[in-house]
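**Student:** A predicted structure for the sequence below; I have some questions about it.
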Amino acid sequence: MMGLTALSPAFAEEAKCNQPESSWKPVEELKTKLTTEGWTISNVKTDEGCYEVYGKDKDGNKVEVYFDPVTFEKVGEDS
């Protein structure tokens, strides 16, 4: 059990997306999607091939979440 707990934060820090940049959806589409879901976006950058979103989720919690730039699927999170 201890090993799984220890690995969880590392996974978030090592979230990697492997899609060619030519297939990425525009970052503005992700911002619009998240804003529509109630998020407040303060910044979005690219990290390890993912979109890394900084802001607050619909519940007002401060978040740093990684999204696949092709599917917009959540692939990691830093706490």
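**Tutor:** Alright, I've got the coordinates.

**Student:** Report pLDDT for the nearest residue to residue 62 once chain neighbours are set aside.
**Tutor:** Of all residues not flanking residue 62 in the chain, residue 56 sits nearest, at 5.8 Å (Cβ to Cβ, 6 or more residues apart in numbering). To be clear about C-beta, it is placed using only N, CA and C from the backbone, and glycine gets the same treatment. pLDDT recorded at residue 56 is 97.

**Student:** Residue 56 reaches residue 43, doesn't it?
**Tutor:** No - Residue 56 lies out of contact with residue 43 (Cβ atoms under 8 Å); the separation is 11.8 Å.

**Student:** For the two, indicate the residue with more neighbours.
**Tutor:** Taking residue 56 and residue 43 together and counting by other Cβ atoms under 10 Å, residue 56 has the greater number of neighbours (14 against 9).

**Student:** what residue ranges in this structure score low on pLDDT?
**Tutor:** Applying pLDDT under 70 to the chain flags the ranges 1-15, 79.
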